[in-house]
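In: Would you be able to build a 3D model of this:
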Amino acid sequence: MKRRASVQTAFLGLKEIEEGVVRLRGGEQRAVVEASGINFALLGEGEQEATIAGFAAFLNGLTFPVQILIRATPLDLEAYLTGLEQRAARDLADGLAVLARDHLAYLRRLARNRTLLERRFYVVVPADAGAPRAARPWPFAGRQDRVDPTAVRRQLTFRCEEVVRHLGRCGLAVRRLESVELARLYYACWCPELSRRQRLERDLADYTTQAVCKTDGRGRRHE
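Out: Sure thing, here's the model as predicted:
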């Protein structure tokens, strides 16, 4: 009987996430770099020209394809507002506390009257389709060799460092996403409403480790 593909494999093409690498159906592998945004309109003319020149140098210097992903999602201010309200009541002097409460009231009115958006920027970095492959010993040598995972991780690390270095010259804060952050990104894209209510907070191994098992009379384990 043919095993049915999982939801992730069937609809997302996602096979697994491990050590900061996304493995897709068909053998393709990806890493993701997140970049901060800047308020371009507030930069001086010289700073704007330097930012544009830096980004152009980044694009012209690429020796591999990339995908740029921009996500605009509703901004959840509740945690920030709750923390500010607690500080105003506990830590701030009378004058600052009054200003903090006015600021709270303004933000709450703003959130009621319009949808506040948060924009996040990502660069998806692929490994080569023809990445180095690990040779199989006889008698499997005649079959298609498998991709060497160590070589793929090394290539993705080098490429991500190159992206971080070039975009850093544009004044952006750039970093590579780890495994649990990659899972959160997929989760947020696939289930945006649910991901805001139920967050992935733990290590990915916590979601895949067997929690309960039993043994039969002969001491054999059953899931």
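In: The closest residue in space to R108 that isn't next to it in sequence is in what secondary structure piece?
Out: Distance criterion C-beta to C-beta, 6 or more residues apart in numbering; nearest residue to R108, sequence neighbours excluded, is L81 at 6.9 Å. Yep, even glycine has a C-beta here, placed from its N, CA and C like the rest. Element membership of L81, judged by DSSP states H and E, is helix 78-90.
In: hey, C-alpha coordinates of that helix in PDB?
Out: Output in PDB follows, covering the C-alpha atoms of helix 78-90 (Å, rounded to 0.1, in the frame of the first residue of the first chain):
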ATOM      1  CA  GLU A  78      -1.200  44.300  23.500                       C
ATOM      2  CA  ALA A  79       2.000  43.000  25.100                       C
ATOM      3  CA  TYR A  80       3.700  46.400  24.600                       C
ATOM      4  CA  LEU A  81       0.700  48.300  26.000                       C
ATOM      5  CA  THR A  82       0.400  46.000  29.000                       C
ATOM      6  CA  GLY A  83       4.100  46.400  29.800                       C
ATOM      7  CA  LEU A  84       3.900  50.200  29.400                       C
ATOM      8  CA  GLU A  85       0.800  50.300  31.700                       C
ATOM      9  CA  GLN A  86       2.600  48.300  34.400                       C
ATOM     10  CA  ARG A  87       5.600  50.600  34.200                       C
ATOM     11  CA  ALA A  88       3.500  53.700  34.400                       C
ATOM     12  CA  ALA A  89       1.800  52.400  37.600                       C
ATOM     13  CA  ARG A  90       4.900  51.100  39.300                       C
END
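In: Could you pull out the buried residues of that helix?
Out: Under the neighbour-count criterion of 16 or more other C-beta atoms under 10 Å, helix 78-90 has L84, A88 buried.
In: go on, stretch 156-176?
Out: L156, R159, C160, E162, V163, V164, H166, L167, C170, L172, V174, R176.
In: ditto for stretch 50-65
Out: Across stretch 50-65, burial judged by 16+ other C-beta under 10 Å covers T51, G54, F58.
In: What pLDDT does the model give the first one?
Out: According to the model's per-residue confidence, T51 sits at a pLDDT of 90.
In: Then Q8?
Out: So Q8 comes in at 56 (pLDDT).
In: Show me the residue at the heart of this structure, geometrically.
Out: L182 (4.0 Å; C-alpha atoms, centre = their mean).
In: Quick check: that one is in a helix.
Out: Yes: counting by DSSP: H, G, I helix; E, B strand; the rest coil, L182 is found in a helix.
In: I'd like to know how many residues surround the nearest residue in space to it that is not next to it in sequence.
Out: Once flanking residues are discounted, L182 sits nearest to I17: 5.1 Å by C-beta to C-beta, 6+ apart. Per other C-beta atoms under 10 Å, the neighbour tally for I17 reads 21.
In: now I17: how far from P192?
Out: 19 Å (C-beta to C-beta, to the nearest Å).
In: Unless I'm misreading it, the residue nearest to L182 sits right up against E181, doesn't it?
Out: No: using C-beta atoms under 8 Å, I17 is not in contact with E181; the gap is 9.6 Å.
In: Please tell me how far L62 sits from A97.
Out: On the measure of C-beta to C-beta, L62 and A97 end up 51 Å apart.
In: So which of the buried residues of stretch 50-65 sit within helices?
Out: Counting by DSSP state H, the part of these found in helices is T51, G54, F58.
In: which residues sit in contact with the last one?
Out: Taking C-beta atoms under 8 Å, 6 or more residues apart in numbering as the criterion, F58 is in contact with V163, H166, L167, R169, C170.
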